[in-house]
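Undergrad: Pasted the sequence and its predicted model underneath.
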Amino acid sequence: MTSHIADTADRLLRRGRLLEWATLLWNVVAVVVLAVLTLRASSVALAGFGLDSLIEIGASSVVLWELAGTGEQRQRTALRLIGVAFAALGVYLLVQSTAALISAHHAQTSVGGIIWTAVTAVVMFCLAAGKNQTGRALGNPVLETEGCEQPRSVSSFSLRSVSGQVVPMTRVLRAASTTSLVMTSSSLIFRTRWI
């Protein structure tokens, strides 16, 4: 019986690592793709999505580090590191969005940005569901939390990236979108008690 439990835990741990490596690799590719798309469209939203991919690389690295060891202190440290990264992203988005509002900057439409955002949303939701399920089965709060919070981040960026590309946004819509991102980032940090 003990052998079966250990085998199940090992299998779940391997699956958790595989899901994190897949997330990490996807986000490495995303940084390159989004850098090119951002330069072509001059889009603050796509730049923010690219920065989110960098932060997701950091978050996946932290989760992989945490999965390599155990202990409550290691888990707390991992959750704090991820929380700080998302807080930094929220500050960046607030500053960039405010600058774009003040300067009345309008990005060019990017079909590539729309397609990449849609595909990324599908991939990330699937990976997040797997992480959430695996983290819960393992009793690992770091993997489970990342699986729960990753879709919120992706949803927020997907909405902002696509809305900025499809519809010429007025100042009011841009301000509402920026406020939504800041509130989502704040929720990520305080709801999960990362800091």
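TA: Arrived safely.
Undergrad: now the helices for this structure?
TA: Here the chain has its helices, by DSSP state H, at 2-41, 44-67, 72-103, 111-138, 141-166, 171-191.
Undergrad: Neighbours of residue 132, how many?
TA: Number of residues near residue 132 (other CB atoms under 10 Å) recorded here: 20. All C-beta atoms are positioned from the backbone trio N, CA, C, and that covers glycine.
Undergrad: Tell me how far the closest residue to it other than its chain neighbours lies from residue 10.
TA: In this structure, residue 132 finds its nearest non-sequential neighbour in residue 147, 3.1 Å apart by CB to CB, 6 or more residues apart in numbering. Distance of residue 147 to residue 10, computed by CB to CB, to the nearest Å: 19 Å.
Undergrad: go on, residue 52?
TA: 32 Å.
Undergrad: Which of those two has more residues huddled nearby?
TA: Relative neighbour count places residue 52 above the other of residue 52 and residue 10, with 27 against 10, counting by other CB under 10 Å.
Undergrad: Give the rounded mean pLDDT of stretch 25-38.
TA: For stretch 25-38, the mean pLDDT works out to 94.
Undergrad: swap that for stretch 112-130, sorry
TA: Averaging the model's pLDDT scores along stretch 112-130 yields 88.
Undergrad: Buried residues in that stretch, which are they?
TA: 112-114, 116-117, 120-121, 124, 127-128, 130 (16 or more other CB atoms under 10 Å).
Undergrad: could you dump the residues you listed to CSV with distance to residue 31?
TA: Formatted as CSV, the entries for the buried residues of stretch 112-130 read as follows, by distance: CB to CB, whole Å:
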residue, distance to residue 31
112, 15
113, 14
114, 18
116, 12
117, 14
120, 12
121, 17
124, 14
127, 16
128, 19
130, 22
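Undergrad: Which of these sits closest to residue 75?
TA: Among those, residue 128 lies closest to residue 75 (CB to CB), at 18.6 Å.
Undergrad: is it true that residue 142 touches residue 132?
TA: No. Using CB atoms under 8 Å as the test, residue 142 is too far from residue 132 to be in contact (11.7 Å).
Undergrad: Report the residue spans of this structure with pLDDT below the cut-off.
TA: Applying pLDDT under 70 to the chain picks out residues 1-2, 4, 70, 105-107, 149-195.
Undergrad: how about 90 then?
TA: Within the chain, the segments meeting pLDDT under 90 span 1-9, 38-56, 58-63, 65-118, 120-122, 124-125, 128, 132, 139-195.
Undergrad: quick one: residue 53 from residue 43, how far?
TA: Residue 53 sits 14 Å away from residue 43, going by CB to CB.
Undergrad: Which of those two has more residues huddled nearby?
TA: Legend: neighbour count by other CB under 10 Å for residue 53 and residue 43, higher for residue 43 (26 against 23).
Undergrad: what's the spacing between that one and residue 98?
TA: 16 Å.
Undergrad: before we move on, what about residue 136?
TA: Counting by CB to CB, the separation of residue 136 from residue 98 is 38 Å.
Undergrad: And residue 30, by the same measure?
TA: 25 Å.
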